[in-house]
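Q: fold the following and give me the result.
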Amino acid sequence: MITNTYDYIIIGAGSAGCVLANRLTEDEAAQVLLVEAGGRDWHPYIHVPLGMGKLHERRMFDWGFMTEPEANLNGRCIEASRGKVLGGSSSINVMAYTRGNRGDFDRWAQKGATGWSYADVLPYFKRCETFAGGANVWRGGSGPLGTEFAKTTDPLYPAWIEAAKAAGIATTADYNAACQEGFGRSQYTIRNGRRSSAASAFLKPAMRRPNLKVETRALVTRVILRETSAAGIEYIKNGCVLQAGAAREVIVSGGAFGTPQILMLSGIGPAAHLHKVGINPVIDLPVGRNLQDHLAVFLSFARSQPGPFHRQMRFDRMAFGMIRAWLFGIGPGTVVPGGLHAFVKTRPEIAVPDIEFMFRGVATDVHLWFPVIRPPRPDGFAIRPTLLHPDSRGEILLRSNDAHDPMLIVYNFSQRQTICRSCARASGLPATSPISSPLIGFGVLRPRQAPRTRAMPKLMPTSAKPLLRHTIQRQPARWEQAPMRYWTHRCGCEAPSACASSMRPRCLTSSRVTSTPQF
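A: Sure, this is the predicted structure:
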């Protein structure tokens, strides 16, 4: 029985949900309910940038999803981290700020996504942010989301830039501005030394408004339908089943995994699959199909001399640094050890970059250390080539008709060998190899052993050998055995058949989808 009615109900307080809660409550006459399965974002690890290491190691504030065994990756299950807290994944991710290539937006518009060209979305990008580098034709200067260039002083990153120049690869002053292609300083959603999550930037100011109610630790089980119109939601909180009505719209922003699950639990999805799990289909739509994501591969190397972050990991230094970061927003606890991104084309004939490199100036298994008591591990660095335009297509399926059961995540990674070939070509670029002359003083060719942690029990093989030019040419198939990890940037869909460009599901009224579900 519906006990309370609101104008709008937003399911999920992730990036989209937080922005919507802010914008919709600007209308004082609109009553808005925001429902989030996770809790409040009070923990210091969320707000201090370096706290992300512990968040990931312990999978804190994370749904804990894993993919089904990937047949083309030796049966490995890949970690699929998703935030379960106010702010969603923006509260637990690595804070890297990348808008995307303008060519991708324009391609969407050309294929029928009206209003999604780069010229259409640029004003919203600018309105959204306050860029520490200053406002210009591409960047915003007065928005709620703080963005800034990486502040690391590690000399490894300038050496990488020089390696790119020596290899004839372009550099870019700002990959979120006029030109994305090339090597450029990383950018992060950090403001005044704190993580600038969607909750901090958008939701917290809105929570002071009397027309917004936020329900945390509330699991939505279904959208309540009246024929083909969304009338409200059913959710569980403190063991009680509750219902809330929506006079105007129900907005589903449960993320790339949660949104298809909620829709299918509501009877909106592939009829045959819904019958199989005991759900009566209301609207037969291809929900959960066309799942895409960016496959990334870690290439880890030993570092010839410890870098600055490794020295900061001494227990007393880091403890003092984290206290300074939490209390005052200053010090090494506010500096992310990544400092460089690159967007490159592996073939000259393609229109936009197909590989993104993310550079890490510290070993993947770094830990706190102190003389005599706990020795430090050898330092290292890593390069992560990431596929920007995957051709693999997977799907989200229900495991059962119980909202507590995690969904089945099937990616079909490497179902076409172009994925392996693209990653292999990218890793063979001279600027990404430690044998490049500007990098000789920093790294050695001895590969580092990939870490095995509780968070990644099945992700890493017994050895993580970087595949340099000779390996790429002679053994490209070994990429299927390389340490592959799934990261937290959804691709969404290119040609949705179940959702219009207005974000309204076809055949369903009083409802919108604002995350990146797979249709």
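
Q: where do the helices sit along this structure?
A: For the chain, helices defined by DSSP state H occupy the ranges 15-24, 44-47, 52-58, 102-110, 118-128, 156-166, 198, 204-206, 255-265, 271-276, 308-312, 315-328, 418-427, 469-474.

Q: mean neighbour count, the ones you listed: which tops it?
A: Among those, judged by mean count of other CB atoms under 10 Å, the one packed with the most neighbours on average is helix 198 (a mean of 28). (Each C-beta comes from the backbone N, C-alpha and C, glycine too.)

Q: centre of the chain to that one, how far?
A: Counting by CA atoms, centre = their mean, to the nearest Å, helix 198 is centred 13 Å from the centre of its parent chain.

Q: what's the average pLDDT for that helix?
A: In this model, helix 198 carries a mean pLDDT of 98.

Q: let me know the outermost residue of this protein.
A: With distances taken as CA atoms, centre = their mean, the residue sitting farthest from the centre of the chain turns out to be Val372, at 38.6 Å.

Q: how near is the closest residue to Cys77 other than its chain neighbours to Met407?
A: Of all residues beyond its chain neighbours, the one nearest Cys77 is Met66 (4.6 Å), with distances taken as CB to CB, 6 or more residues apart in numbering. Using CB to CB, to the nearest Å, we find Met66 at a distance of 11 Å from Met407.

Q: more neighbours: those two, which one.
A: It is Met407, of Met66 and Met407, that has more neighbours when counted by other CB atoms under 10 Å, with 22 against 18.

Q: and the more buried one, what does it touch?
A: Remark: with contacts taken as CB atoms under 8 Å, 6 or more residues apart in numbering, Met407 is in contact with 65, 257, 260-261, 396-399.

Q: returning to what we had before: would you turn the helices of the chain into TSV with distance to Gly339?
A: Rendered in TSV, the data for these read as follows (distance: least, CB to CB, whole Å):
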stretch	distance to Gly339
helix 15-24	24
helix 44-47	21
helix 52-58	15
helix 102-110	24
helix 118-128	23
helix 156-166	4
helix 198	24
helix 204-206	29
helix 255-265	28
helix 271-276	45
helix 308-312	10
helix 315-328	17
helix 418-427	19
helix 469-474	25
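
Q: what's the longest strand in the protein?
A: For the chain, the strand with the greatest residue count under DSSP state E is strand 240-252.

Q: work out the gap between that strand and the centre of the chain.
A: Centroid displacement of strand 240-252 relative to its chain, using CA atoms, centre = their mean, is 27 Å.

Q: tell me where the stretch 51-200 of the chain has strands.
A: Along the stretch 51-200 of the chain, the segments classed as strands by DSSP state E, counting those that start in this stretch run 65-66, 79-80, 129-131, 145-149, 182-185, 187-188, 190-191, 194-195.

Q: so how far is the fifth one from its chain's centroid?
A: Taking the mean C-alpha point of strand 182-185 and that of its whole chain, the gap between them comes to 20 Å (CA atoms, centre = their mean).

Q: so what does that strand touch, helix or strand wise?
A: Identification of packing neighbours for strand 182-185 by 3 or more CB pairs under 8 Å, 6 or more residues apart in numbering; DSSP states H and E yields helix 156-166, strand 338-344.

Q: again with the longest one
A: Packed against strand 145-149, as judged by 3+ CB pairs under 8 Å, 6+ apart, are the following elements: strand 129-131, strand 187-188, strand 190-191.

Q: and it with helix 118-128, angle?
A: In this structure, strand 145-149 runs at an angle of 100 degrees to helix 118-128, with axes from the mean of the first three to the mean of the last three CA atoms, to 10 degrees as the basis.

Q: in strand 145-149, what counts as buried?
A: By neighbour count, with 16 or more other CB atoms under 10 Å as the criterion, the buried positions of strand 145-149 are 145-149.

Q: show me the contacts for the residue lying closest to Thr221 once chain neighbours are set aside.
A: If you skip the residues right next to it in sequence, Thr221 has Ala403 as its closest partner in space, 4.3 Å away by CB to CB, 6+ apart. Residues counted as contacts of Ala403 (CB under 8 Å, 6+ apart) are 219-222, 236, 261-262, 265.

Q: show me which of these is closest to Gly51.
A: Out of the contacts of Ala403, the one with the shortest distance to Gly51 is Leu219. That distance is 25.9 Å, counting by CB to CB.

Q: would you mind giving me the confidence score for that closest one?
A: At Leu219, the pLDDT value in this model is 98.

Q: in this structure it contacts Asn238, no?
A: No: at 10.7 Å, Leu219 and Asn238 do not qualify as touching, with contact defined as CB atoms under 8 Å.

Q: these two: who's more crowded?
A: Set side by side, Leu219 and Asn238 show more neighbours around Leu219, with 15 against 7, by other CB under 10 Å.

Q: separation between that one and Ile233?
A: Leu219 sits at a distance of 11 Å from Ile233 (criterion: CB to CB).

Q: equivalent analysis for Asp391, please.
A: As it turns out, when the distance is counted by CB to CB, Asp391 lies 36 Å from Ile233.

Q: and these two? which has more neighbours close in?
A: Set side by side, Asp391 and Ile233 show unequal neighbour counts under other CB under 10 Å, the larger going to Ile233 at 27 against 13.

Q: now for Gly158: which residues touch it?
A: Not quite, residue 158 is Pro, not Gly. Applying CB under 8 Å, 6+ apart, no residues qualify as near Pro158.

Q: what about Asp27, neighbour count?
A: The burial count for Asp27: 12, using other CB under 10 Å.

Q: quick one, phi psi at it?
A: phi -80, psi 110 (degrees, to the nearest 10).

Q: which residues does it contact?
A: Taking CB under 8 Å, 6+ apart, we find Asp27 in contact with Asn211.

Q: where's it relative to Pro286, distance?
A: If you measure Asp27 against Pro286 using CB to CB, the figure is 34 Å.

Q: and for Asn401?
A: Taken as CB to CB, the spacing of Asn401 relative to Pro286 amounts to 19 Å.

Q: re earlier: ok, which of the helices of the chain comes nearest Met1?
A: Comparing the helices of the chain against Met1 with CB to CB, the closest turns out to be helix 255-265 (19.3 Å).

Q: how close does the closest residue to Pro353 other than its chain neighbours sit to Leu86?
A: Closest residue in space to Pro353, ignoring its immediate chain neighbours: Phe343 at 3.9 Å, by CB to CB, 6+ apart. Between Phe343 and Leu86 the distance, using CB to CB, works out to 31 Å.

Q: can you pick out the residue with more neighbours from these two?
A: Looking at Phe343 and Leu86 with other CB under 10 Å, you find the greater number of neighbours at Leu86, namely 29 against 23.

Q: thought the more buried one was touching Ala13?
A: Yes: applying CB under 8 Å, one finds Leu86 in contact with Ala13, separated by 5.0 Å.

Q: and for these two, which residues touch both?
A: Residues touching both Leu86 and Ala13 comprise 36, 38, 199, 203, 214, 216, with contact defined as CB under 8 Å, 6+ apart.

Q: make CSV from those residues and add neighbour count to it.
A: Output for the shared contacts of Leu86 and Ala13, formatted as CSV (neighbours: other CB atoms under 10 Å):
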residue, neighbour count
Glu36, 30
Gly38, 23
Ala199, 29
Leu203, 26
Val214, 21
Thr216, 16
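
Q: next step: these restricted to strands.
A: Checking these against DSSP E, those in strands are Val214.

Q: which one of the shared contacts of Leu86 and Ala13 sits closest to Ile2?
A: Using CB to CB, the shortest approach to Ile2 within those belongs to Val214, at 19.0 Å.

Q: what about the closest one, distance to Gln243?
A: 17 Å.

Q: just Thr152 next, same as before
A: For Thr152, the distance to Gln243 - CB to CB - is 50 Å.

Q: do Lys84 as well
A: Taking CB to CB as the criterion, Lys84 is separated from Gln243 by 22 Å.

Q: between these two, which one's more packed in?
A: More crowded of Lys84 and Gln243, by other CB under 10 Å: Lys84, with 24 against 17.

Q: I'd say the more buried one and Ala37 touch.
A: Yes: under the contact definition of CB under 8 Å, Lys84 touches Ala37, with a separation of 5.9 Å.
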